[in-house]
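[1] Got a predicted model here, sequence first, then my questions.
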Amino acid sequence: MINRFAAIALAALAVVGCTTTDPYTGAQTPNRTANAAIIGAIGGAAAGTLAGGNDRRNAMVGAGIGAIAGAGIGAYMDAQQRKLNEQLRNSGVGVTRTAENEITLNMPSDITFDTNQSVVKSQFRDTLYNVAQTLREYESTTVDVAGHADSDGTDDYNMALSQRRADAVAAILSQNGVNPVRLVAVGFGESRPIADNGTAAGKAQNRRVEIKLRGVTS
């Protein structure tokens, strides 16, 4: 499984380079094939690797990404959190230290997606670019992208929508230089609420994408 995971991820990296560059703005637009390869690599990694399983850790090390010495994990995550706080100030994205070795980014759906859509809003792409910039600098972390929904609609619909949204966010991170070997994208539908689905405010909190960053230790 390790070799299969690494091969898929490296294939996705190769395809990411196939982009169209606007000669006037410099903006890069990945083609549909690139998007499909990225999402395929991310999705193929999900089984058994969410939250930094050994397969993903070994694949990262095999891809030349160094692990953090155990004693240095706190300082490494501190520095990454400070950078994220600076870059995401006033963006609407929450940055929370959820454990010594874990940072969670909470992205409410109203700033990331239109209603019932899974295409990232154009104005939010710059925010994800900033996230990717920090992730490239602090590469010794796994990146779990989780999509969540409120309780409106059927379970199947919410699960599919949350997966597409997680895939869309992860694909943009990969297009902006985050090694796909670090990424897993999973949709949880309405199964993990953080607020009361009986209120409009609670539903708004539950519609979200979360990115969990965990350091890979040696």
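    That came in fine, so what should we check first? Numbering: from 1, shown residues only.
[2] which stretches of the chain form strands?
    For the chain, applying DSSP state E gives strands covering 19-21, 28-30, 94-99, 102-108, 141-148, 183-187, 208-215.
[3] helices or strands next to the last one in the packing?
    Applying 3 or more C-beta pairs under 8 Å, 6 or more residues apart in numbering; DSSP states H and E, one finds that strand 208-215 contacts helix 73-88, strand 102-108, helix 109-112, strand 141-148, helix 155-175. From N, CA and C alone the C-beta is placed, and that goes for glycine too.
[4] got the angle for the fourth one vs helix 73-88?
    On the basis of axes from the mean of the first three to the mean of the last three C-alpha atoms, to 10 degrees, strand 141-148 is oriented at 50 degrees to helix 73-88.
[5] Mean confidence (pLDDT) on strand 141-148, please.
    The pLDDT scores in strand 141-148 average 96.
[6] Centre of the chain to it, how far?
    Mean-position distance between strand 141-148 and its chain equals 4 Å (C-alpha atoms, centre = their mean, to the nearest Å).
[7] Show me which residues of it are buried.
    141-148 (16 or more other C-beta atoms under 10 Å).
[8] returning to that earlier point: want to throw the strands of the chain into a markdown table with distance to Asp156?
    Compiled in a markdown table, those are given as follows (distance: least, C-beta to C-beta, whole Å):
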| stretch | distance to Asp156 |
| --- | --- |
| strand 19-21 | 34 |
| strand 28-30 | 29 |
| strand 94-99 | 29 |
| strand 102-108 | 23 |
| strand 141-148 | 14 |
| strand 183-187 | 11 |
| strand 208-215 | 19 |
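[9] Low-confidence bits of the protein, can you list those?
    The chain contains residues with pLDDT under 70 at 1-53.
[10] Closest to the centroid, which residue in this protein?
    By C-alpha atoms, centre = their mean, the chain has its centre lying nearest to Val145, at 3.6 Å.
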